[in-house]
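Novice: Provided below for reference: sequence and predicted model.
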Amino acid sequence: MRYFSVHAPDDEPDAGERYLFVKDGFSWPAFFVPILWILWHRLWLTLVWYIVFVLVVAWTGRLMGDSAAVWVALLGNVLFALEANNLRRLALEERGWIEVGSSFGRNMEEAEARFFGAGAKTAIAPVKNAVIARAAYTPEHRPHSADESIIGLFPEPER
């Protein structure tokens, strides 16, 4: 089973047809054709860093020989393919997309069916409001019940 994170655009969080499913783990296209993968996902800063990496590989080839450059390039491509989908998630976050959930499945179609079929499509605003309401209370003003079990050395909750 593959794990997918689900991202929604900030301007239309309820538009299910615009949700993006980003697979977690190794990206084979990013391993075999990294520059095309970077251009396809419009990761411009990543493209700049990948060009710097290619220049370092070329420099390594001039200084230490072709076999060292091949090993550096292979290691760099493996590391890039391992982190490629995380770079894509970071770029989506920078563009204002919100991670609204996660799903899993053998492929993307099954993950989409599980996500939308399970009623996981929730509104974003109530989640944001609940987080803000929880953060609005300072620890000394946070409501608590007297029936709470206390874990630790003190028999009564702090007041």
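Specialist: Yep, that arrived.
Novice: Could you look up the next helix or strand downstream of the lengthiest helix in the chain?
Specialist: For the chain, the helix with the greatest residue count under DSSP state H is helix 66-94. Next helix or strand after helix 66-94 toward the C-terminus (DSSP states H and E): strand 98-105.
Novice: residue ranges for the helices of this protein, please.
Specialist: If DSSP H is used as the criterion, the helices of the chain fall at 28-32, 34-40, 44-64, 66-94, 108-117, 124-136.
Novice: quick one, the fifth one and strand 98-105 angle?
Specialist: Following axes from the mean of the first three to the mean of the last three C-alpha atoms, to 10 degrees, one obtains 120 degrees for the angle between helix 108-117 and strand 98-105.
Novice: can you check the longest one too?
Specialist: Here helix 66-94 points in a direction 120 degrees away from that of strand 98-105 (the same axes, to 10 degrees).
Novice: And helix 66-94, what does it pack against?
Specialist: strand 2-8, strand 20-23, helix 28-32, helix 34-40, helix 44-64 (3 or more C-beta pairs under 8 Å, 6 or more residues apart in numbering; DSSP states H and E). The way it works is simple: take the backbone N, C-alpha and C, and place the C-beta from them, glycine included.
Novice: ok, now the first one?
Specialist: Contact here means 3+ C-beta pairs under 8 Å, 6+ apart; on that basis helix 28-32 packs against helix 34-40, helix 66-94.
Novice: Figure out which of those helices is closest to Gly25.
Specialist: helix 66-94 (6.9 Å; C-beta to C-beta).
Novice: Burial check on Ala8, number of neighbours?
Specialist: Burial of Ala8 is recorded as 21 neighbouring residues (other C-beta atoms under 10 Å).
Novice: Unless I'm misreading it, it sits right up against Val22, doesn't it?
Specialist: No: using C-beta atoms under 8 Å, Ala8 makes no contact with Val22, being 11.9 Å away.
Novice: what would the helices of the chain look like in TSV with mean neighbour count, distance to Tyr3 and mean pLDDT?
Specialist: Below are those laid out as TSV (neighbours: other C-beta atoms under 10 Å; distance: least, C-beta to C-beta, whole Å; pLDDT from 0 to 100):
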stretch	mean neighbour count	distance to Tyr3	mean pLDDT
helix 28-32	15	16	95
helix 34-40	16	19	96
helix 44-64	14	22	95
helix 66-94	15	10	95
helix 108-117	15	8	90
helix 124-136	10	21	49
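Novice: Any chance of these in a markdown table with distance to Glu17 as columns?
Specialist: Shown next, in a markdown table, are those (distance: least, C-beta to C-beta, whole Å):
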| stretch | distance to Glu17 |
| --- | --- |
| helix 28-32 | 24 |
| helix 34-40 | 20 |
| helix 44-64 | 26 |
| helix 66-94 | 17 |
| helix 108-117 | 10 |
| helix 124-136 | 16 |
